[in-house]
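**Student:** Just the structure for this:
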Amino acid sequence: MVFQELGDSEREKVREAINRLLEVNMLVKEKEREMYAVIRRNRTNLASYFQFLGWELTVDERHECVYLHIYDSRLRKRLDRDHTIWLLILRILYEEKRQGLSLADFPMVTLYDIRSKYETFQMEWVKPTVLDRLVRLCVQVQLMEPLDAEQRSDDARFKLFHTWMYVIQADEMKQLTERLERYESEKKGGILDEMDEAAAVD
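**Tutor:** You can find the predicted model right below:
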């Protein structure tokens, strides 16, 4: 067993880290410093363990985040239209907002920024209850953090974590924008089907 040489305390921490990654796929040092440190210390053994299971572990020290990816599409979470468009819009905003920032800074967006981007691509804005659900998803998988109690206000601010880089790769951004622009003319297939291949929210 790859973790046999660890002490009882460290082995328990590794077990918790494995379960956490299998639950949410992504982890940010900003949110879970101790667990990030555990994964970083044991990255070699963890990578071997996950590789055996068919998963790929990435410990991104530059951006201080961890990403667990599986190639088997059967185990990926299928997204509905609202989740798909939301993730695509936020990924574009992340790329725009991070330009010129240092690595120590996280991009920030307001709800107004998000709604305006929906309008740019002529997308129908989501209902308040759906908005709450979309924000909860991103918080759960450590993609964003709300900074204000009232999340439905245009002034509501959201911190975007660097895990957005792993939802959709940077070299896919041009294709992503083109998918959004042609979405209305592609009622079936197109962006929704392609998102199953691109998204990493498993």
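
**Student:** Domains in this structure, by residue range?
**Tutor:** According to automatic domain parsing, the chain comprises the domains 8-74, 81-198.

**Student:** Report the mean per-residue pLDDT for the shortest one.
**Tutor:** What that stands for is domain 8-74. Here domain 8-74 scores 92 as its mean pLDDT.

**Student:** between the domains of the chain, which one is nearest to residue 2?
**Tutor:** The minimum distance between residue 2 and the domains of the chain falls on domain 8-74, with 4.3 Å, by CB to CB. Bear in mind the C-beta positions are built from the backbone N, C-alpha and C, glycine included.

**Student:** show me what contacts residue 97?
**Tutor:** By CB atoms under 8 Å, 6 or more residues apart in numbering, the residues touching residue 97 are 107-109, 113, 160.

**Student:** Could I get the residues you listed in TSV, plus columns for pLDDT and secondary structure?
**Tutor:** TSV is the format used below for the contacts of residue 97 (pLDDT from 0 to 100; DSSP: H, G, I helix; E, B strand; the rest coil):
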residue	pLDDT	secondary structure
107	95	coil
108	96	strand
109	97	strand
113	97	helix
160	97	strand
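
**Student:** can you pull out the strands in the chain?
**Tutor:** Using DSSP state E, the strands found in the chain span residues 26-28, 55-60, 65-70, 108-110, 144-146, 157-160.

**Student:** Single out the most deeply packed of these.
**Tutor:** Highest mean neighbour count of these: strand 26-28, a mean of 24 (counted as mean count of other CB atoms under 10 Å).

**Student:** Parallel or antiparallel, which strands does that strand pair with?
**Tutor:** strand 65-70 (antiparallel) (DSSP bridges).

**Student:** what residues does the partner strand touch?
**Tutor:** Against strand 65-70 from outside (CB under 8 Å, 6+ apart): 21-22, 25-29, 36, 39, 50, 54-60, 76, 142, 161-163, 166, 200, 202.
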